[in-house]
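Engineer: Build me a model from this:
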Amino acid sequence: MNVTETGVLQKQRWTLVALLSASIAINLLDRQVMNVLAPLLRESMHWTATQYSYIAVGFQVGMMAGQGPIGTFMDRVGTRTGLAAIFIAWSIIGGAHALATSLAAFIVLRFLLGFSECGNYTARPRCANNCAGGLVSPTVDYRPEGTSAIAFVLKGRALVDVPGGSVSCSVL
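Structural biologist: Alright, predicted model coming up:
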């Protein structure tokens, strides 16, 4: 049994790396969906462009406000439990958007979504480091296979940035 210093089995490493990459891709795809839906939401809810922009600002403020508390939460409960908690939270909050009927409700939900999603950015580097056998830690020797793990986790962003709008339109 080949186990890294962090206790991650070699066979589990790439599964974890793929899941981390997928989590960031899903996180970013969610943002693209709101951009694609903007014209439809503005028309059906009779919002001006300025009013709709408050929704985007609400999300960004949530991301900013959540970094400290969510980072502390991740430190307290650990990466595994923390990621599970934020995935559940952002799934529930994402689903609650279907019930939103006002601008204020959308702003609050986008704030909460940003608040919970920021945990993905807090936990992902730590988990990627663990999957890479502690590559980023100064106390562990460099491992070439670790750079591949970290690069693949970071690729989740690239997987969405380019085709995200098209994928969002297809899903809708």
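
Engineer: what's near enough to touch Ile86?
Structural biologist: Shown in contact with Ile86 (CB atoms under 8 Å, 6 or more residues apart in numbering): 70, 116-117, 119-120, 123. (Glycine included, C-beta is placed from N, CA and C.)

Engineer: Show me the longest helix that occurs in the chain.
Structural biologist: helix 10-45 (DSSP state H).

Engineer: Mind listing what's buried along it?
Structural biologist: Residues of helix 10-45 classed as buried by neighbour count (16 or more other CB atoms under 10 Å): 13, 16-17, 20-21, 23-34, 36-38, 41.

Engineer: what's the following helix or strand after it?
Structural biologist: Counting by DSSP states H and E, the next helix or strand C-terminal to helix 10-45 is helix 49-77.

Engineer: which parts of that following helix are buried?
Structural biologist: 52, 54-56, 58-59, 61-63, 66, 70-71, 73-74.

Engineer: related to what we said a few turns ago, for Ala105, state which of the contacts of Ile86 is nearest.
Structural biologist: When those are ranked by distance to Ala105 (CB to CB), Ser116 comes first, at 16.5 Å.

Engineer: now Phe79: how far from Glu117?
Structural biologist: To be clear, residue 79 is Thr; Phe isn't right here. For Thr79, the distance to Glu117 (CB to CB, to the nearest Å) stands at 16 Å.

Engineer: and the buried residues of helix 49-77 as JSON lines, adding distance to His46?
Structural biologist: Formatted as JSON lines, the buried residues of helix 49-77 follow (distance: CB to CB, whole Å):
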{"residue": "Tyr52", "distance to His46": "11"}
{"residue": "Tyr54", "distance to His46": "14"}
{"residue": "Ile55", "distance to His46": "14"}
{"residue": "Ala56", "distance to His46": "18"}
{"residue": "Gly58", "distance to His46": "19"}
{"residue": "Phe59", "distance to His46": "21"}
{"residue": "Val61", "distance to His46": "24"}
{"residue": "Gly62", "distance to His46": "24"}
{"residue": "Met63", "distance to His46": "27"}
{"residue": "Gly66", "distance to His46": "30"}
{"residue": "Ile70", "distance to His46": "34"}
{"residue": "Gly71", "distance to His46": "39"}
{"residue": "Phe73", "distance to His46": "38"}
{"residue": "Met74", "distance to His46": "40"}
